[in-house]
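[1] sequence first, predicted model second:
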Amino acid sequence: MAGRWKNDLTHADVTPKAAFLNRRQVMAGAGALAAAGGIGGAAWAKLNAKPSQYSISEEPNSLQDITTYNNFYEFGTDKGDPARHAGALTTDPWSITIDGLVEKPGEYSMEQIMEGVELEERIYRFRCVEAWSMIVPWVGFELADLLNRVGVKPEAKYVAFETLLRPEEMQGQRRQFIDWPYREGLRLDEAMHPLTIMATGLYDEPMPKQNGAPIRLVVPWKYGFKSIKSVVRISLVEEEPHASWNQLIPREYGFYSNVNPERSHPRWSQAKERRVGGGLFAQKIPTLMFNGYEDEVASLYEGMDLINEHF
Ligand SMILES: Nc1nc2c(c(=O)[nH]1)N[C@H]1C(S)=C(S)[C@@H](COP(=O)(O)O)O[C@H]1N2
Ligand SMILES: [Mo]
């Protein structure tokens, strides 16, 4: 049996989905095999992420879709640019500066951040503001875990995030249409919500560079641009922080940017979305309130006008 389960599956594998399903079966059977002396260690399991109650049961997009159709403007604005150019990014060593209203500010290396962290697989819907969507099997941990480790001071109301600024490696940063570095922000309760993760991988492998290696935010009930990639700074602050798209075109991209089929973008409807990989003639599918996470997050916005005021 061991011979059937190859441990060298790569991104270029025949069908990424089949490879993924194989690996899941392997992981499920691994304990039994190891006990029987069949396999000495989980050599194939790269991240060994545990399943999560927060995963949805929809079938994930292929690794091919997820790694070749990207928005990462630091590497260009074409959907294929990140896959072409993000290889230039040095992701090791890496550190995140955590500062502002925290008990233990500092520059934390990736190793320190990952110390004792139990990675989970989170299969989430991912909905871009441009009205396309995917299902992504992220691997990561709750941002709340990290924030609790550094200790959030009571005055903190928001969390600000920044991407790396390194135009030598990020060729898109040599053009100044975004005020680099890319920045995003969340209200503290949004940041502490269990659905909000720092992702360090997908398909049980380390994060591909075009998807925001080595560590990026994922907030599944908000439009994709809130999920900032390749994070190097997390600041706990009192005031609503600067967010790149909100600052660039505030009329179109609100600070909250919760997925909302009832609030059109000024230039297009948000009622439906195109599932990437569905083929040219696939029907658009209805967009769900809070991207399908309404039961979990609607209470965060009670009493707020999400159409005119806090979109
Ligand atoms: N630093 C940075 N983060 C970013 C972006 C970006 O251009 N730069 N694009 C955002 C947008 S618009 C989307 S839709 C998602 C895309 O994530 P993906 O390529 O992993 O699907 O990343 C978001 N995070
Ligand atoms: Mo996006």
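    Yep, it's here. Ligands and ions are numbered 1, 2, ... in the order given.

[2] what about the residue of the stretch 151-300 of the chain found nearest ligand 2, how many neighbours?
    Closest residue of the stretch 151-300 of the chain to ligand 2, C-beta to the ion: residue 224 (3.6 Å). Where C-beta positions appear, they are placed from N, C-alpha and C, glycine not excepted. By other C-beta atoms under 10 Å, the residues close to residue 224 number 21.

[3] could you list every residue that touches residue 236?
    Residue 236 makes contact with 98-102, 147, 152-153, 156, 158-160, 188, according to C-beta atoms under 8 Å, 6 or more residues apart in numbering.

[4] would you agree it falls within a strand?
    Yes - assignment of residue 236 by DSSP: H, G, I helix; E, B strand; the rest coil places it within a strand.

[5] okay, and the beta partners of the residue nearest the centre of the chain?
    The centroid of the chain falls nearest to residue 218 when counting by C-alpha atoms, centre = their mean (3.2 Å). Applying DSSP bridges to residue 218 yields these beta-bridge partners: residue 197.

[6] would you confirm that residue 106 contacts residue 98?
    Yes - using C-beta atoms under 8 Å, residue 106 makes contact with residue 98 at a distance of 6.5 Å.

[7] now the element after whichever helix or strand residue 83 is part of, going C-ward?
    Secondary structure assignment for residue 83, by DSSP states H and E: helix 81-85. Using DSSP H and E, the next helix or strand after helix 81-85 towards the C-terminus is strand 95-100.

[8] any buried residues in that next one, and which?
    In terms of neighbour count (16 or more other C-beta atoms under 10 Å), strand 95-100 has its buried residues at 96, 98-100.

[9] can you redo the residues you listed as TSV with pLDDT and distance to residue 53?
    Formatted as TSV, the buried residues of strand 95-100 follow (pLDDT from 0 to 100; distance: C-beta to C-beta, whole Å):
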residue	pLDDT	distance to residue 53
96	98	27
98	98	28
99	98	33
100	98	31
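
[10] can you name the two of these that are farthest apart?
    Maximum pairwise distance among the buried residues of strand 95-100 (C-beta to C-beta): 12.7 Å, between 96 and 100.

[11] quick one: low-confidence parts of the chain?
    For the chain, applying pLDDT under 70 flags the ranges 1-45.

[12] mind running it again at 90?
    1-46, 177, 279-281 (pLDDT under 90).

[13] in this protein, where's the longest strand?
    Longest strand in the chain by number of residues (criterion: DSSP state E): strand 132-142.

[14] identify the residues contacting residue 138.
    Residue 138 neighbours (C-beta under 8 Å, 6+ apart): 121-124, 197, 199, 201-202, 218.

[15] nope, residue 119 is what I meant
    With contact set as C-beta under 8 Å, 6+ apart, residue 119 has these partners: 47-50, 139-141, 200-201.

[16] output the helix holding residue 83 as CSV, nothing but the C-alphas.
    Taking Å, rounded to 0.1, in the frame of the first residue of the first chain, the C-alpha atoms of helix 81-85 are listed here in CSV:
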residue,chain,number,x,y,z
ASP,A,81,2.0,38.2,-12.8
PRO,A,82,2.3,36.9,-9.2
ALA,A,83,3.0,33.4,-10.4
ARG,A,84,5.6,34.8,-12.8
HIS,A,85,7.4,37.2,-10.5
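
[17] and it with ligand 2, contact?
    No - Helix 81-85 stays clear of ligand 2 (C-beta under 5 Å from the ion), getting no nearer than 12.1 Å.

[18] now do the SS call for residue 172.
    Assigned with three-state DSSP, residue 172 falls in the helix class.

[19] so how many other residues sit close to it?
    Here the number of neighbours of residue 172 (other C-beta under 10 Å) works out to 20.

[20] just to revisit the earlier point, list the buried residues for the helix holding residue 83?
    Applying a neighbour-count criterion of 16+ other C-beta under 10 Å, one finds 81-83, 85 buried in helix 81-85.

[21] show me what from this structure comes close to ligand 2.
    Residues of the chain lying near ligand 2 by C-beta under 5 Å from the ion: 71, 128, 224-225.

[22] apply 6 Å and report the result again.
    By C-beta under 6 Å from the ion, the residues of the chain that approach ligand 2 are 71, 128-130, 224-225.

[23] what pairs with the helix or strand encompassing residue 108, parallel or antiparallel?
    Secondary structure assignment for residue 108, by DSSP H and E: strand 106-109. Sheet pairing of strand 106-109 (DSSP bridges) gives strand 95-100 (antiparallel).

[24] what does the stretch 51-200 of the chain have sitting close to ligand 1?
    Within the stretch 51-200 of the chain, the positions near ligand 1 by C-beta under 6 Å from any ligand atom are 70-74, 128, 163, 182.

[25] again, only using 8 Å
    Residues of the stretch 51-200 of the chain that fall close to ligand 1, judged by C-beta under 8 Å from any ligand atom: 66, 69-74, 82, 126, 128-130, 134, 136, 163-164, 172, 178, 181-182, 184.
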